[in-house]
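Novice: pasting a predicted model and its sequence here:
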Amino acid sequence: MELMVSYNRNGHPASFIKKIIADYVVANPSPLELVVGHSHSHWDHVAGDPEMRNFSMPGVTTKFIAPDLDSVIKGYSLQSWPEKTAVLDLGGRKLDVIPIPGHTPDAIVVYDRQTGLLLTGDSVYPGRIYIPKNAIAVFKESHQRLKRFAFDSANEIKWILGCHIEQKKTPFEEYPTGTRRQPDEHILQLDVSILEDMEQGLDKLQVGMAPGQIMFKEFSWVVVGENDMMEERKHIDQFPLFA
Amino acid sequence: MSTSCKDSRRNDQGLTLLGVVVLLTTLTPHSTCARVLFSSSTSTMYVFWIALLFPFLSASELVPGVLPASFVEPEKHPPLWQVHAYNNNTYILRQSGLTDYEKPFLYLLFGDERAYLFDTGSLYVSQFMMENGRGVDG
């Protein structure tokens, strides 16, 4: 067990982030502030926080926005959560931060005005969109706000990029939870029209409905009990952990 | 310092194209190019000017980038993180299934003064709780 823990710490991204920044700074030598934020607070998005919270390297300072609602609101200076968006200015590159509570109370989407990429975390991606059953109404409101933003002619969306892939290339098919290797997985990117497809299925989500999964062509909704997302999933070992 | 205002890129491309055409017509006033663009036949002239300006007027303002055909990792000895440069200031990282089945994606975006990291990766929840003494939502 101890061996596994220490091995899995290798999954933390700090050393990879450091390498990318080091290469970038060689080509663009000027002081840099690294802002560390999160799509939301679930365990599979924050595991590298202990290292990234105190991340340091020459010429780089770090601003860490902790993955909880208060810190998110303060960190991005969001006003009237969740109604209004905020701008994070990277210097010649502006990001819009869009509150999208539902999957978790602190979830955000980030739009990059420079590339048109919309980073949607676990709220839109080719896979299982988990919604706690007590957050269905909130999720619906968030989806409407996101759709208004994405279809505003001022915001050209190149691609929607989520944080996982669980769907297969074959429509309506998915890899089960716990799958390590997915040779036939859906591509990462989704067209902005996926938000329309999702909206058409919104009426299938009813407040008070029983937990369960509704499969669509490129994603599915999984309505779960409030605390079900905390439980550890069993791995389907398709190749050895210590390869 | 790189110029990363998204508008400047479109204008640069459009102006370069215009510059080349104007230069051509100036240098070779009797060429086919010059005769068409400044011809006495109004309709022909309009058609060619519109064709010439179309890419400039309709071009997306967005800075382009490239996504890989797939993020499926190699079966043998996959790296712990796949790092993909979407362009020279936008990076996509994907965690290997070796370290966690969730295999999440992270994003790292660079501006002139700040960089932004979106998410920090995954490991088994029991191990995360063990190391941090807290659950999913804190």
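Specialist: Cool, got the structure.

Novice: output the below-cut-off pLDDT ranges for chain B.
Specialist: Scanning chain B for pLDDT under 70 picks out B:1-59, B:124-138.

Novice: nearest to chain A: which residue in it?
Specialist: residue B:111 (2.4 Å; C-beta to the nearest C-beta). Placement of C-beta: from N, CA and C, glycine included.

Novice: how much space separates that residue from residue B:66?
Specialist: Using C-beta to C-beta, to the nearest Å, one gets 20 Å for the distance from residue B:111 to residue B:66.

Novice: higher neighbour count, the two?
Specialist: Taking neighbours as other C-beta atoms under 10 Å in any protein chain shown, residue B:111 and residue B:66 compare with residue B:111 leading, 23 against 8.

Novice: ok, the more buried one - contacts?
Specialist: A:89-93, B:4, B:89 (C-beta atoms under 8 Å, 6 or more residues apart in numbering or on different chains).

Novice: return a PyMOL selection command for the buried portion of those residues.
Specialist: PyMOL command restricting these to the buried ones, with burial defined by 16 or more other C-beta atoms under 10 Å in any protein chain shown:
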select buried, (chain A and resi 90+91+92+93) or (chain B and resi 4+89)
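
Novice: sorry, back to before: what's the residue of chain B closest to chain A sitting at in phi/psi?
Specialist: phi -110, psi -170 (degrees, to the nearest 10).

Novice: return the residues in contact with the closest residue to it other than its chain neighbours.
Specialist: In this structure, residue B:111 finds its nearest non-sequential neighbour in residue A:90, 2.4 Å apart by C-beta to C-beta, 6 or more residues apart in numbering or on different chains. Taking C-beta under 8 Å, 6+ apart, we find residue A:90 in contact with A:35, B:109-116.

Novice: what does residue A:121 give?
Specialist: So residue A:121 contacts A:39-40, A:45, A:100, A:103, A:107-109, A:162-163, B:118-119 (C-beta under 8 Å, 6+ apart).

Novice: at 6 Å what do you get?
Specialist: Applying C-beta atoms under 6 Å, 6 or more residues apart in numbering or on different chains, we find residue A:121 in contact with A:39-40, A:107, A:163.

Novice: what's the most distant pair in those?
Specialist: Maximum pairwise distance in the contacts of residue A:121, criterion C-beta to C-beta, is 10.7 Å, between A:107 and A:163.

Novice: off-centre distance for the helix or strand residue A:51 falls within?
Specialist: Assigned by DSSP states H and E, residue A:51 falls within helix A:49-53. Centroid separation for helix A:49-53 versus its chain: 18 Å, with C-alpha atoms, centre = their mean, to the nearest Å.

Novice: what's in contact with that helix?
Specialist: By C-beta under 6 Å, 6+ apart, the list of residues contacting helix A:49-53 reads A:12, A:14, A:36, A:64, B:120.

Novice: what are the buried residues along it?
Specialist: A:49, A:51-52.

Novice: got it, and stretch B:109-121?
Specialist: For stretch B:109-121, using 16+ other C-beta under 10 Å, the buried residues are B:109-112, B:114-121.

Novice: equivalent analysis for stretch A:143-160, please.
Specialist: By 16+ other C-beta under 10 Å, the buried positions in stretch A:143-160 come out as A:143, A:145-147, A:149-150, A:155-160.

Novice: how about stretch A:179-193?
Specialist: A:179-182, A:185-188, A:190, A:192.

Novice: close to chain B, is it?
Specialist: Yes: counting by C-beta under 6 Å from any C-beta of the partner chain, chain B has neighbours in stretch A:179-193: A:180-181, A:183, A:188-189.
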